[in-house]
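> Turn this into a structure:
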Amino acid sequence: MLDTLSAWVAAVWTALTFFVAANIEPMPGIWVAAVSGAMLSAFTGPDKGLTRMITHIFLAICVGVFASQILAELIILKAPQARVAEAFFCSLFSEKIVTGIHNGTILDKLLTAWRGTK
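Below you'll find the predicted structure:
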């Protein structure tokens, strides 16, 4: 359970992240896809309490929006609408993405995939 200070810090961080993401990402399809993926992963994953589910949804939306921007810089897309699908899948698998970043396995897999395309 979060104490009061941690709850305020999390709320401010989430609001700031949404503010920054909204100013960076103007394409509404990205937001819709990120929200859809976040809701799907929150409701079909393991059982969570209401507070944990809301936190999961907010964080998954942020991961979906930001990851779709980062992937578009790394991978050349033929159609810009493909970023909508990236946002959906990145928010859907946000827990695995964050875990992979935390333990370092995602970087190894990205480097292996990048070397394979050369």
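> any idea where the helices of the protein begin and end?
4-24, 28-44, 50-74, 82-92, 94-103, 105-117 (DSSP state H).
> Tell me which of these is the most buried.
helix 82-92 (a mean of 22; mean count of other CB atoms under 10 Å). Backbone N, C-alpha and C define where each C-beta goes, glycine included.
> quick one: that one to chain centroid distance?
9 Å (CA atoms, centre = their mean, to the nearest Å).
> what's in contact with that helix?
27, 29-38, 40-41, 60-61, 63-65, 67-69, 71-72, 77, 97 (CB atoms under 8 Å, 6 or more residues apart in numbering).
> Dump that helix to CSV, restricted to CA.
Extracted C-alpha coordinates of helix 82-92, given in CSV (Å, rounded to 0.1, in the frame of the first residue of the first chain):
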residue,chain,number,x,y,z
ALA,A,82,1.6,1.3,-38.4
ARG,A,83,2.5,3.3,-35.3
VAL,A,84,-1.0,2.8,-34.1
ALA,A,85,-0.5,-0.9,-34.0
GLU,A,86,2.8,-0.4,-32.3
ALA,A,87,1.1,1.7,-29.6
PHE,A,88,-1.5,-1.0,-29.1
PHE,A,89,0.9,-3.9,-28.7
CYS,A,90,3.4,-1.9,-26.6
SER,A,91,0.7,-1.0,-24.2
LEU,A,92,-0.7,-4.5,-24.2
